[in-house]
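In: only geometry, no sequence info:
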């Protein structure tokens with residue numbers, strides 16, 4: 001095997017395309033965000049995890065406030081926590097409304113196209129981020145007395161059925177703030193007496209199953225667990241069975257499995273440092289279950305949390321301690337809800353499946369088959385540019401390979417055609433053997449054979465000369481042998497022809513055709529035809545000894561037609577050979 005210059009050129013092209021595809025398909029990971037705590041965060045359709053702002057100093061000072069804005073792509077099939085797919089987004093800069101801040105909150109619009117940030121830089125300010133064009137817009141309330149109150153450490157949540165945002169009170173407010181994005185109007189509602197104190201750093205989440213908001217924990221003296229019904233405007237205490245989580249503040253709680261589960265993680269109280277507890281609330285039955293704690297080195301508070309399918313994701317925060325707070329690692333933590341284990345691998349997919357028989361409270365288990373991935377809404381589900389580049393590069397490679405393969409085959413076929421010797425091809429169609437009649441009247445087949453001494457056709461059992469029956473011809477035996485027809489087409493000549501003397505290859509078929517035409521002409525002569533008794537009396541043949549009964553020629557009408565047919569076929573074959581020689 002040898003490689004020509006042309007093949008080397010093709011290999012270079014393939015290598016170049018491969019390198020380009022490698023760089024296009026490699027995940028383009030942005031510089032990860034600075035590790036912060038007390039940031040605003042939210043998730044859209046379990047596809048995109050957003051974080052904004054926060055404090056880079058675990059002591060949480062005004063000077064440590066950040067303005068950074070990032071998203072984490074949860075649509076990729078898999079990724080490792082050592083290399084998460086972060087993407088930097090345009091930060092909210094340019095006005096005092098969008099000043100760096102911490103301990104603020106973020107809500108999602110009903111159409112999943114807008115993120116709203118509630119900034120506690122009094123009086124409370126509102127800013128919208130348009131996901132489609134990446135722009136920030138300050139929001140102004142209709143009148144000063146309807147401005148958002150200071151909500152330091154509060155958490156906002158949206159009722160997806162109406163798009164209205166609800167924000168429980170935080171220091172120093174004692175009212176529930178209700179914000180209508182469609183009108184920009186802010187209203188308030190009273191709170192139960194037990195919740196009118198320092199309720200900041202609580203968890204406040206919409207429950208798709210109960211169609212209510214669930215509130216847990218906060219800076220209070222009791223482990224408060226309640227829900228708010230936006231239709232009736234009433235608060236109700238909740239009582240759950242199972243292992244009850246300890247009193248927590250600065251923990252995070254997010255819904256999972258279409259709202260049938262609530263994942264509660266981390267936090268601390270006023271006397272004990274941050275913990276790594278994990279509790280799962282089964283919402284339909286209001287039953288708590290405790291999962292495995294994270295490694296103690298990863299205990300934290302005031303972090304951001306998200307869920308995508310089976311994955312519960314934790315990022316940022318700080319490790320609070322009465323003796324002094326410390327920073328935590330910027331590596332995300334992932335808990336697989338289905339396997340019940342902490343892991344370092346994000347695997348896109350979910351084992352939750354809502355069926356008509358199981359109802360919304362069905363609990364997935366290891367034996368349940370994984371259904372299709374849920375959460376295909378368009379909000380925040382922008383396809384990663386690196387994935388698009390990888391697919392495009394792969395298509396380029398496939399198309400290039402197809403082009404080169406087709407081109408190479410065409411060139412190879414042209415080379416083969418140019419190297420062929422122009423002459424009669426050796427794959428002429430074979431002709432069926434002719435039939436002859438034996439002396440007993442049976443029909444047998446005759447084939448052309450080639451002898452070793454003479455490569456020309458030798459017809460068995462007869463030859464061309466045996467076909468010519470002259471009226472005065474004598475036979476050496478009685479009855480005479482029947483007239484035998486040769487094959488319709490003479491044997492093919494040798495394929496190794498000399499292209500410079502093409503006429504030499506058709507002279508022999510021409511001579512044989514002339515002989516057969518003469519035989520046919522002689523038979524068509526009325527003087528020869530024994531049936532034309534009105535023109536000439538039939539000839540009388542005698543035996544070789546000159547005695548005995550007269551002999552009647554054995555040439556029949558069938559033999560006459562066979563000879564005529566053979567002449568026509570040979571003429572057609574001769575024309576075919578001449579046409580091939582002219583190519």
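Out: Nice, I can see it. These numbers were taken from a predicted model, which means no experiment stands behind them. Numbering: from 1, shown residues only.

In: Could you use CA atoms for every contact and neighbour count after this?
Out: OK.

In: Pop the domain breakdown of the protein in here.
Out: 28-383, 434-582 (automatic domain parsing).

In: Can you classify residue 329 by secondary structure?
Out: coil (DSSP: H, G, I helix; E, B strand; the rest coil).

In: how close does it get to residue 204?
Out: Distance of residue 329 to residue 204, given as Cα to Cα, to the nearest Å: 26 Å.

In: just residue 242 next, same as before
Out: Distance of residue 242 to residue 204, given as Cα to Cα: 21 Å.

In: what about these two, which has more around it?
Out: Per other Cα atoms under 10 Å, whichever of residue 242 and residue 204 has more neighbours is residue 204, with 25 against 11.

In: for residue 187, helix, strand, or coil?
Out: Here residue 187 takes the strand state, with states given by three-state DSSP.

In: Strands of the stretch 101-250 of the chain, residue ranges please.
Out: Taking DSSP state E, counting those that start in this stretch as the criterion, the stretch 101-250 of the chain carries its strands at 105-108, 114-119, 125-130, 135-139, 157-158, 165-167, 175-180, 185-190, 203-207, 212-216, 225-229, 234-237.

In: I'd like to know which of the ones you listed is closest to residue 274.
Out: strand 203-207 (15.8 Å; Cα to Cα).

In: That closest one pairs with which strands?
Out: strand 212-216 (antiparallel) (DSSP bridges).

In: which residues sit against stretch 227-247?
Out: The set of residues external to stretch 227-247 that reach it, using Cα atoms under 8 Å, 6 or more residues apart in numbering, is 191-192, 211-215, 217, 222-223, 225-226, 268-269, 279, 286-290.

In: hmm, 6 Å instead?
Out: 212, 213, 214, 215, 223, 225, 226, 286, 287, 288 (Cα atoms under 6 Å, 6 or more residues apart in numbering).

In: could you give me the average pLDDT of it?
Out: Taken as a whole, stretch 227-247 carries a mean pLDDT of 93.

In: Show me what counts as buried in that stretch.
Out: The neighbour-count check on stretch 227-247 (16 or more other Cα atoms under 10 Å) flags 227, 228, 230, 235, 245, 247 as buried.

In: and residue 127, what does it touch?
Out: 116, 117, 137, 138, 139.

In: now residue 204
Out: 214, 215.

In: do that again at 10 Å, thanks
Out: 154-157, 166-168, 213-218, 226-228, 252-254 (Cα atoms under 10 Å, 6 or more residues apart in numbering).

In: tell me the mean pLDDT over stretch 90-98?
Out: Per-residue scores along stretch 90-98 average to 68.

In: which intervals of the stretch 451-583 of the chain have sub-threshold pLDDT?
Out: Within the stretch 451-583 of the chain, the ranges that satisfy pLDDT under 70 run 451-506, 522-560, 582-583.

In: try 50
Out: 451-477, 483-489, 493-498, 500, 531-541, 543-549, 551-552 (pLDDT under 50).

In: try the stretch 301-450 of the chain
Out: Filtered on pLDDT under 50, the stretch 301-450 of the chain yields the residue ranges 356-384, 421-450.

In: Would you map the helices across it?
Out: 385-419 (DSSP state H, counting those that start in this stretch).

In: I'd like to know how far residue 167 sits from residue 187.
Out: With Cα to Cα as the criterion, residue 167 and residue 187 are 11 Å apart.

In: Residue 56: what's it in contact with?
Out: Going by Cα under 10 Å, 6+ apart, the list of residues near residue 56 reads 34-39, 63-66, 102, 316-318, 327.

In: Could you do residue 336 as well?
Out: Taking Cα under 10 Å, 6+ apart as the test, what residue 336 contacts is 307-313, 342-347, 350.

In: Spatially, which two of the contacts of residue 56 are the most separated?
Out: 63 and 316 (18.4 Å).

In: So between those two, which is more surrounded?
Out: Just comparing residue 63 and residue 316: by other Cα under 10 Å the higher neighbour count belongs to residue 316, 28 against 11.

In: so who does the nearest residue to that one once chain neighbours are set aside touch?
Out: The shortest distance from residue 316 to any non-neighbouring residue, by Cα to Cα, 6 or more residues apart in numbering, is to residue 303 (5.0 Å). Residue 303 is in contact with 35-41, 54, 250-252, 265-267, 314-319, 328, counting by Cα under 10 Å, 6+ apart.

In: Among those residues, which lie within strands?
Out: Among these, DSSP state E puts 40, 41, 252, 265, 314, 315, 318, 319 in strands.

In: hey, what's the third one bridged with?
Out: Partner residues in beta bridges with residue 252, using DSSP bridges, are residue 265.

In: Distance-wise, check it relative to residue 347.
Out: From residue 252 to residue 347 the distance is 22 Å (Cα to Cα).

In: Tell me which of the two has more neighbours.
Out: Neighbour tally, residue 252 and residue 347, criterion other Cα under 10 Å: the higher count belongs to residue 252, 25 against 19.

In: Hmm, the more buried one is touching residue 275, no?
Out: No. Counting by Cα atoms under 10 Å, residue 252 sits too far from residue 275 to count as a contact (11.9 Å).

In: which residues are common contacts for these two?
Out: Common neighbours of residue 252 and residue 275 (Cα under 10 Å, 6+ apart) are 265, 266, 267, 301.

In: Scan those and report the most crowded one.
Out: Ranked by neighbours (other Cα under 10 Å), the shared contacts of residue 252 and residue 275 are led by residue 267, which has 31 neighbours.

In: Provide a list of residues in contact with it.
Out: 201-202, 217-218, 246-252, 273-277, 299-303, 317-320.

In: Buried ones among those?
Out: For the contacts of residue 267, buried by 16+ other Cα under 10 Å: 201-202, 217-218, 247-252, 273-277, 299-303, 317-320.

In: Would you verify that residue 564 is located in a strand?
Out: No. Using three-state DSSP, the assignment for residue 564 is helix, not a strand.

In: separation between it and residue 512?
Out: Taking Cα to Cα, one finds residue 564 at 14 Å from residue 512.

In: Overlap in contacts, the two.
Out: With Cα under 10 Å, 6+ apart as the test, residue 564 and residue 512 both reach residue 570.

In: Looking at the closest residue in space to residue 69 that isn't next to it in sequence now. What's its pLDDT?
Out: Nearest residue to residue 69, sequence neighbours excluded (Cα to Cα, 6+ apart): residue 52, at 4.4 Å. pLDDT recorded at residue 52 is 96.

In: Quick check: beta-bridge partners of residue 52?
Out: If you apply DSSP bridges, the partners that residue 52 bridges to are residue 40, residue 69.
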